[in-house]
Structure formats: structure tokens, C-alpha cells
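Colleague: what's the 3D shape of this:
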Amino acid sequence: MDLIIIRHGQSEADLLHVHEGRADFSLTELGNKQARSMADWLVSNYKIAKIYSSTLKRARQTAQYLSNAGKIAIHHDDDLMEFQNGFIAGLSREEARLKYPMPAVKFPHTAVHGQESLIQFRMRAETALSKIIHENDPEDTVAIVSHGGMINMLFRSFLGLPTASQISISTGDTGIHHWRIDGEARRVVFANSLVHLEQLSHV
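Modeller: Have a look, this model is predicted:
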């Protein structure tokens, strides 16, 4: 099975410089262009059987471009949403720091300020990934549209890394990752490809 993992395009929160997480912002004009370019590139290079998407607007809108370009069905899944960041969602970094300071030590089970714990976040990633793998044929290519934090949790789940691992994977706006499952073997084919955005720099 081939998994094509995609981060959403630029959102309005990026321009406002606020904590996003569960704050439900839409794509910007640039974000829409990024999503369209991503979709065109993917349908030209892969035969995608199905799309799974977070239910947050920025991901849904990104996934819709891919769905339209390849006439591919979308399955929306709450488990693919970004980290539940509770009361800081939509707040500026400074306001969040002052109103809701983080404890000096935060354990994997710790949930503060209306947030989910690291363990709960990992459990969502494990659930989503397990469901997607078992719902599809081993020969299929499946796309997953999600968020930077969730993509990192999916990455840890995919490779069996510890929940609190300091190993992370960078993902730009509409960054594309290609992961492959071949029997018991799991491999990262490539990570954070932005080749589809090259044409935007010339527009």
C-alpha cells in the first residue's frame, strides 16, 4: 500500500500569527493556489483510490481540490484533525503565553487548558492509521490530508516511534510525503516534497 500524506495549504491563521490547532480557519488565496497545484501534480503522478481528510476547513478545502482533479471520493475523519489545543486556539502566541502558561514539566498523560494529552493525540493517530490501512486493498494508493502536528503523530505511528519521541518530520504548506507498506516492511519513500509549488514562484 502507498500512502500519500498531504498537509493543507496556507490558512488565514498563518497570516494572523495565531495558534491554530482546532481554530477552524479557511485557506488563503495563496493556500487555494497551493492546493490546486498539489492536486494537479498528484493526479498526474499517482492513481489515487481514495482520499481521507481531516474535518477542519483548511484540510477539507485542500482535499476537495484533489477530489475534483482526480474525481476521487473523500472520506472525512475527525481522528485526522489537528492537536486539540483547547483554550489557546485562535489566540496570539503572546496572549496564550500570558493567559495559559504551560507547566514546567508536562508528562505524556498531562492534559492542560482544555487540551488533549500527548497519549490521547497519539491514540487518535494510531486509530486513524489502523483504520485506513485495514479499509483499503494492499495494492491501493491512498491520500491523507491533515495537519502538521497530526502528520508527525502519523509518522511516529507508521514507524513505531515512541509517543514522546523527539524525532519529527517537517511539512510545508501542501507538503507531500510518500510512505509505503510492503507486508511487514514500512518505508518513507520521500518527505515534504514541494515540487508542485515551483510553478507558483514563476506566476
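Colleague: low-confidence ranges in the protein?
Modeller: Scanning the chain for pLDDT under 70 picks out 201-203.
Colleague: all helices of it, in order?
Modeller: In the chain, the helices defined using DSSP state H lie at 12-16, 29-45, 57-70, 93-99, 118-135, 148-159.
Colleague: can you list these in CSV and add distance to residue 141 and mean neighbour count?
Modeller: For glycine as for every other residue, the C-beta is placed from the backbone atoms N, C-alpha and C. Shown next, in CSV, are the helices of the chain (distance: least, C-beta to C-beta, whole Å; neighbours: other C-beta atoms under 10 Å):
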stretch, distance to residue 141, mean neighbour count
helix 12-16, 29, 15
helix 29-45, 10, 19
helix 57-70, 11, 22
helix 93-99, 38, 12
helix 118-135, 12, 17
helix 148-159, 15, 22
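Colleague: need these in CSV (columns: distance to residue 188).
Modeller: Shown next, in CSV, are the helices of the chain (distance: least, C-beta to C-beta, whole Å):
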stretch, distance to residue 188
helix 12-16, 26
helix 29-45, 17
helix 57-70, 21
helix 93-99, 31
helix 118-135, 14
helix 148-159, 8
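Colleague: contacting residues around the spatially closest residue to residue 73 that is not a sequence neighbour?
Modeller: Distance criterion C-beta to C-beta, 6 or more residues apart in numbering; nearest residue to residue 73, sequence neighbours excluded, is residue 50 at 5.9 Å. When contacts are counted by C-beta atoms under 8 Å, 6 or more residues apart in numbering, residue 50 touches 72-73, 75, 136, 140, 142-143.
Colleague: just the buried residues of those.
Modeller: Buried residues within the contacts of residue 50, counting neighbours by 16 or more other C-beta atoms under 10 Å: 72, 136, 140, 142-143.
Colleague: can you tell me which of the contacts of residue 50 end up in strands?
Modeller: Using DSSP state E, the members of the contacts of residue 50 that fall in strands are 75, 142-143.
Colleague: farthest pair within the buried ones among the contacts of residue 50?
Modeller: Of all pairs drawn from the buried ones among the contacts of residue 50, the one with the longest distance (C-beta to C-beta) is 72 and 136, at 12.7 Å.
Colleague: mutual contacts of these two, please.
Modeller: Residues within reach of residue 72 and of residue 136 at once, by C-beta under 8 Å, 6+ apart, are 49-50.
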